[in-house]
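Undergrad: got a sequence here, can you model it:
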Amino acid sequence: MNLLGGLTPEAFLRDYWQKKPLVIEQAFPGFECPVSPDELAGLACEEAVESRIVIENDAGKPWQLHNGPFDPERFERLPEQDWTLLIQGLDHWVPEIADLLDAFRFIPNWRLDDIMASYAPRGGSVGPHYDQYDVFLLQAQGHRRWHFGGQCDHTSGRVQGTPLRILSDWRPEQTDVVLAPGDMLYLPPGVGHHGVAEDDCITLSIGFRAPTVDDVLTGFTDFLCSRNDVSRHLADPDLTVQANPGLIAPPVIERLDGLIREQLSDPRQLALWFGQYATAPKNADIVVPAETPAADADLAEAIRAGEALRWNEGSRFAYHDFADQTALFVDGEQYLLNGDARALAPLLCAGARIDMAALAPLMDDPALVGLMTRLYNQGSVYIDSP
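TA: I've put the predicted structure just below:
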C-alpha cells in the first residue's frame, strides 16, 4: 500500500492536511471494490440505509436530488447516463469497506465521519461543489475525471433551481486528473471539486468531519444542564437604587460572566461531554443488541480461547486519559476505568479488529469481563467468525 504517495503520516499532516489537495497514484495498488453497483442499488432500497440519487438534468431541472429508500423499479427508469447514486455510511453495512479505515488511523477516531459510495454511469456526477470536511476520494471501480482547486465559501455563486450547492462560476486550478482503481485524491475543507464518471465507476469518499462552533456550544451547554442543578435563580442581595431603572448595570453583567465562566471552566466535564458526543452513533439503526445475549463467563471463555472480536461497523470508540482515571467512550456512553483496568481503553480503541492476545489477560478482572459483556450485548462488538 502506498497510502500517502510515499509521504509519512507526519509529513502529510504537516504539509497537506487542511492546507492543499494531494493526488496519490495507486494508494491502494490493485484495489478491487468489495461491493458491486447492483449491491449498492440493493442497499438503496433498504429503509435503514441513507441513499440519494442526483440527476444532472431531470425534466429540464438542473441537478435534482431524490432521497431513498427507493423501489427496485426506480433504477429501471433512470437515464442511461448523467446520474449518480450515493450511499452514505457504507462502512456501517459492509465489513470489507469498514476495514479500509484502519489505513487512516493516523487521524483520530473522533474525526471520522463515514465512507460514502458514489456510483455513476458515464457522465454522472454531483456537480461542482465544495464540502466542509476533509475527504479522501478513493477510486474503487472504473475511472473518474477530476477538476479541483480554489477555496470556496458561502459567498461563492450557486446554480439556481436545485436543492444542491452547485457552484456556478467556479474556476478550478487543476483539471483533467483521471483516477483509476486504487488512485486517491485528498481534498481539504472548502476546496472546490467536480468529478465526472468516464465509465461505470464507483468512488469511495472517506470523510473526516470536525464539529461546528454551534455544535460545541449547544452540545456542551445542554450536557451541563442535564448534569447540574440549573433551576436556581440569579441572586442580587446587594441590589441598590439606580438613577434610571432601564439601566442594566455593569455588576449584573459581571455576575452573569462569572456564572458562565464557573460552569464552563471544568475541563473534565468538557472531556466527558466531547467523548460522548464524538462517539454517538449516526442513527439508531446502526448499533443493535446481540440476538443472543452472552453471560460474563461465556464471553470471557470465548476471549481466552482466542475468538476474534471486532467493532460493530457503525460503532465509535475513543478514550481520554485523566490524571487518576481513563474515560472510555463507546457509542455515546462513558465508562470510567481505574488502576490496571485503564489499559483496556487504548487496546479497544486502536482499531476495529481487537488484539485478542492483549485482551485475554485483562479478563482476570471481573469488572472488565462485565464491561466487555455489556459492549457485546449492546451490539458495539461482535465475534467475527471466519
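Undergrad: end to end on stretch 107-115, go ahead and measure it.
TA: Start and end residues of stretch 107-115 are separated by 14 Å (CA to CA, to the nearest Å).
Undergrad: can you check stretch 60-75 too?
TA: Stretch 60-75 stretches 19 Å from its first residue to its last (CA to CA).
Undergrad: and it, average pLDDT?
TA: Across stretch 60-75, the average pLDDT comes to 96.
Undergrad: just stretch 38-55 next, same as before
TA: With pLDDT averaged residue by residue, stretch 38-55 scores 97.
Undergrad: mind checking how far it is from the chain centre?
TA: Relative to the centre of its chain, stretch 38-55 is centred 19 Å away, using CA atoms, centre = their mean, to the nearest Å.
Undergrad: swap in stretch 106-116?
TA: Shown here is stretch 106-116, whose average C-alpha point lies 5 Å from the average C-alpha point of the whole chain (CA atoms, centre = their mean).
Undergrad: who's in contact with that stretch?
TA: Contacts made with stretch 106-116 from outside it, assessed by CB atoms under 8 Å, 6 or more residues apart in numbering, are listed as 9, 12-13, 86-92, 97-98, 100-101, 104, 133-134, 204-210, 274-275, 278-279, 282, 316-318, 349. Where C-beta positions appear, they are placed from N, C-alpha and C, glycine not excepted.
Undergrad: which among these count as buried?
TA: Burial of these was assessed by neighbour count (16 or more other CB atoms under 10 Å); the buried members are 12, 86-92, 97-98, 100-101, 104, 134, 204-209, 274-275, 278-279, 316-318, 349.
Undergrad: just the ones of those in strands?
TA: When DSSP state E is applied, the buried ones among the contacts of stretch 106-116 are split such that 86, 87, 134, 204, 205, 206, 207, 208, 317, 318 fall in strands.
Undergrad: for the last one, give me the pLDDT.
TA: If you check residue 318, the pLDDT there is 98.
Undergrad: I figured it hits residue 279, correct?
TA: Yes: counting by CB atoms under 8 Å, residue 318 does reach residue 279; the two are 5.3 Å apart.
Undergrad: buried stuff in stretch 369-383?
TA: For stretch 369-383, the neighbour count (16+ other CB under 10 Å) marks 369, 371-382 as buried.
Undergrad: mind putting those residues into TSV with distance to residue 250?
TA: As requested, the buried residues of stretch 369-383 are exported to TSV (distance: CB to CB, whole Å):
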residue	distance to residue 250
369	58
371	51
372	56
373	57
374	52
375	52
376	57
377	56
378	51
379	54
380	51
381	55
382	59
